[in-house]
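Colleague: sequence first, predicted model second:
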Amino acid sequence: MVLVYFLAPGQMKNTVLLLGSLIFYGWGEPKYLPVMAAVILAGYLSARLIGTCQNKRQSKILLAAAVLLEIFPLIYCKYADFFIQNLNVLTGQKIPLLSIAMPLGISFYTFQVISYTVDVYRGSVQAQKNLLMFAAYVAMFPQLVAGPIVRYSDIRSQLENRMHSVEKCAYGIRRFVTGLSKKILIANVLGELIGHFQASEEKSVLFFWMYAIAFMLQIYFDFYSYSLMAKGLGQLMGFSLPDNFNYPYLSLSMTEFWRRWHMTLGGWFRDYIYIPLGGNRCGKATTIRNMLVVWLLTGLWHGASWNFILWGSVIFLLMLIEKMGLKHLLDGCPLIGHLYMIMAIPLTWLSFAVTDLVQMKIYFLRLFPFLAPEKQSLYFAGDFLKYGRIYVLSLTLSLIFITQLPRKLYKQWKRSFLT
């Protein structure tokens, strides 16, 4: 596909990009191509209508209808069974579940289309008249499956005219290979360690903590690697996609962490949910409400179950406490900040590792056995040493590569034969 892309003349490159993206997406899930096509068409037509509407009230009505239309497939595929399950619990009914498989990447491309529609309504971008170009933006395969969430305003000019060069290609290949290497050599190996934990019957407290740290590192390198590969492929084709991570595990507070982690998602919720609700401009009570709404929605965005709602609530509480004064202490004393985050990060990711709320409580008590009523946990066993010896290299490498040290060493020695 890359070879065909470079052989195609300039005016045909977007066509090749779109066709290649549709083939890439449809290769594994062809039955969901109509869903993506429907969301693309809804965004395109809605923005054209909003862009030509002169009446402000009618524009608002059109915007509301457009967003509902664009988000309906996501709600139906991802949240229908969650709503039915909870309705059955509340009412005692036995409504059968729909058991719909969620289309790959639907959360990402739905958010991109919504951001585009809202930006057209706000007047920050003009509605794209070329359907092919708009479809290429939404379906662009490098970032379609796992982000970053790319706004139309960020690559509008690149869709119309972008420069290709050997230097850009080389840079893109380096980014792609770096992401692929971190995925295979670190994330996948840590995933094996996590699998051993789930298969093991008796686990010591130390092994529980090793699992928590391994999961924390694995989820970062897995997601970060995909973002690097997407950015590299985008650069290969002349696109400068936004960064999605900025060394989040070096943060001193949860507030700072979420400015560094999945930055395009955080920016989306800030610009299209938090600020439109009033942000922090309407008093403390409204600010707290807006923060709660954002984090509950962020939790639901990650998954349709109560463990993700719990996760969003915990993040909200931590950030609220930081906003009330804790952040000043953490920023003023980096040692305390790092110690705080060493505990906060793996414990908050617990909601992703253990989805059942009952099992989550058991897991938490095994991490802190002095809180368990029976106090019969294994504090030390051979499991920690056995798997520690096997995965010590991967754990060590991952702890090094969450810092800026490898990049600094590379910049310093990139001209050397060894590098």
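Modeller: Structure received.
Colleague: give me the low-pLDDT residue ranges for the stretch 51-200 of the chain?
Modeller: 198-200 (pLDDT under 70).
Colleague: from Lys31, how far off is Ala101?
Modeller: Remark: distance between Ala101 and Lys31 (Cβ to Cβ, to the nearest Å) = 9 Å. Any C-beta I mention is one placed from the backbone N, CA and C, and that applies to glycine too.
Colleague: sorry, that was for Gly172
Modeller: 32 Å.
Colleague: helices or strands up against the helix or strand containing Thr255?
Modeller: Assigned by DSSP states H and E, Thr255 falls within helix 254-260. Helices and strands touching helix 254-260, by 3 or more Cβ pairs under 8 Å, 6 or more residues apart in numbering; DSSP states H and E, are helix 306-321, helix 334-348.
Colleague: what about 10 Å?
Modeller: Using 3 or more Cβ pairs under 10 Å, 6 or more residues apart in numbering; DSSP states H and E, the elements in contact with helix 254-260 are helix 263-269, helix 306-321, helix 327-332, helix 334-348.
Colleague: now distance to Ile155 too, for these, in TSV please.
Modeller: Below are the helices and strands packed on helix 254-260 laid out as TSV (distance: least, Cβ to Cβ, whole Å):
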stretch	distance to Ile155
helix 263-269	12
helix 306-321	29
helix 327-332	34
helix 334-348	32
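Colleague: can you give me the pLDDT of the closest residue in space to Leu326 that isn't next to it in sequence?
Modeller: Closest residue to Leu326 in three dimensions, ignoring its sequence neighbours and counting by Cβ to Cβ, 6 or more residues apart in numbering: Ser253, at 7.5 Å. In this model, Ser253 is scored at 94, pLDDT.
Colleague: circling back to that earlier point, look at Gly172 and Lys31 and report which has more neighbours.
Modeller: Gly172 (21 against 9; other Cβ atoms under 10 Å).
Colleague: which residues sit in contact with that one?
Modeller: Residues near Gly172 by Cβ atoms under 10 Å, 6 or more residues apart in numbering: 142, 229, 231-239.
Colleague: now it: how far from Phe239?
Modeller: 9 Å.
Colleague: shared neighbours of these two, which are they?
Modeller: Common neighbours of Gly172 and Phe239 (Cβ under 10 Å, 6+ apart) are 142, 231, 233.
Colleague: which ones among those residues map onto strands?
Modeller: Of those, none are assigned to strands by DSSP state E.
Colleague: now those as CSV including neighbour count and distance to Ile75?
Modeller: Shown next, in CSV, are the shared contacts of Gly172 and Phe239 (neighbours: other Cβ atoms under 10 Å; distance: Cβ to Cβ, whole Å):
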residue, neighbour count, distance to Ile75
Pro142, 25, 26
Lys231, 25, 30
Leu233, 21, 30
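Colleague: with respect to Val177, which of the residues you listed is nearest?
Modeller: Leu233 (11.2 Å; Cβ to Cβ).
Colleague: pretty sure that closest one contacts Gly179?
Modeller: Yes - Leu233 lies in contact with Gly179 (Cβ atoms under 10 Å); the separation is 9.4 Å.
Colleague: what is the burial count for Tyr79?
Modeller: That count, for Tyr79 with other Cβ under 10 Å as the rule, works out to 16.
Colleague: coming back round to it: residues making contact with the helix holding Thr255?
Modeller: Contacts for helix 254-260 (Cβ under 10 Å, 6+ apart): 243-251, 253, 261, 265-267, 269-270, 295, 298, 314-323, 326-327, 330-331, 337, 340-341, 344-345, 348.
Colleague: list buried residues within those residues.
Modeller: 244-245, 248-251, 253, 261, 265-267, 269, 295, 298, 314-316, 318-320, 322-323, 326-327, 330, 337, 340-341, 344-345, 348 (16 or more other Cβ atoms under 10 Å).
Colleague: host element of Leu159?
Modeller: helix 152-160.
Colleague: which other helices and strands contact that helix?
Modeller: Where contact means 3+ Cβ pairs under 10 Å, 6+ apart, helix 152-160 is packed against helix 13-28, helix 106-122, helix 131-139.
Colleague: quick one: the last one to helix 106-122, angle?
Modeller: Computed with axes from the mean of the first three to the mean of the last three Cα atoms, to 10 degrees, the direction of helix 131-139 lies at 130 degrees from that of helix 106-122.
Colleague: how about helix 131-139 as CSV, C-alpha atoms only?
Modeller: This file holds the C-alpha atoms of helix 131-139, laid out as CSV (Å, rounded to 0.1, in the frame of the first residue of the first chain):
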residue,chain,number,x,y,z
LEU,A,131,-16.3,14.0,0.5
LEU,A,132,-13.3,11.9,-0.5
MET,A,133,-10.9,14.2,1.4
PHE,A,134,-13.1,14.2,4.5
ALA,A,135,-13.4,10.4,4.4
ALA,A,136,-9.6,10.1,4.1
TYR,A,137,-9.3,12.2,7.3
VAL,A,138,-11.7,10.0,9.3
ALA,A,139,-10.6,6.6,8.0
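Colleague: which other helices and strands contact it?
Modeller: helix 13-28, helix 33-52, helix 106-122, helix 152-160.
Colleague: buried residues, that helix. List them.
Modeller: 133-139.
Colleague: just these now: which is nearest Ser46?
Modeller: For these, the residue nearest Ser46 by Cβ to Cβ is Phe134; the value is 11.2 Å.
Colleague: having no further points to raise, I will conclude here.
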